[in-house]
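Engineer: coordinates only, no sequence provided:
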């Protein structure tokens, strides 16, 4: 419900976390809030993809997908 996700026992390397866009939601940002230079550059903040570089023993958090649920207007 919170949108948090975890991967464990990942080998060091470069990865891309990809989100399947939830129905009815609009992507606001795909953010990496970790230390600058820690990860591969995120070329687009709205493509539902976050590049991540993992080193041995690292915990890399702050990689978040932020969504918006537009208001639906129903005509009476």
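Structural biologist: Received, thanks. Predicted model only: the values in this text are computed from it and were never measured. Numbers count the residues shown, from 1 in each chain.

Engineer: need the strands for this protein, in chain order.
Structural biologist: For the chain, the strands defined by DSSP state E cover 13-18, 26-32, 49-54, 63-68.

Engineer: count of neighbours near the nearest residue to residue 15 once chain neighbours are set aside?
Structural biologist: Take residue 15 and drop its neighbours on the chain: the residue closest to it by C-beta to C-beta, 6 or more residues apart in numbering is residue 52, 5.0 Å away. For the C-beta atoms, the positions are set from N, CA and C on the backbone; glycine is no exception. Neighbour count of residue 52, defined by other C-beta atoms under 10 Å: 20.

Engineer: quick check: residue 52 vs residue 26, distance?
Structural biologist: 23 Å (C-beta to C-beta, to the nearest Å).

Engineer: between the helix or strand bottoming out on mean pLDDT in the chain and strand 49-54, how big is the angle?
Structural biologist: Lowest on mean pLDDT, DSSP states H and E among the helices and strands of the chain sits strand 26-32, with a mean of 73. Strand 26-32 and strand 49-54 are oriented at 20 degrees to each other (axes from the mean of the first three to the mean of the last three C-alpha atoms, to 10 degrees).

Engineer: residues touching stretch 17-26, excluding its own?
Structural biologist: Contacts with stretch 17-26, where a contact means C-beta atoms under 8 Å, 6 or more residues apart in numbering, come from 5, 27, 30, 48-50, 52, 63, 65, 67-70.

Engineer: from the residues you listed, which two are the most distant?
Structural biologist: Farthest apart among the contacts of stretch 17-26 by C-beta to C-beta are 52 and 70. That separation is 28.7 Å.

Engineer: residues in contact with the closest residue to residue 28 other than its chain neighbours?
Structural biologist: Nearest non-adjacent residue to residue 28, counting by C-beta to C-beta, 6+ apart: residue 66, 4.3 Å away. If you count contacts by C-beta under 8 Å, 6+ apart, residue 66 has them with 27, 28, 29, 30, 31.

Engineer: what bridges to the fourth one?
Structural biologist: In this case it means residue 30. On the basis of DSSP bridges, residue 30 is bridged to residue 65.

Engineer: you'd agree it is up against residue 65?
Structural biologist: Yes: if you go by C-beta atoms under 8 Å, residue 30 and residue 65 touch, sitting 5.6 Å apart.
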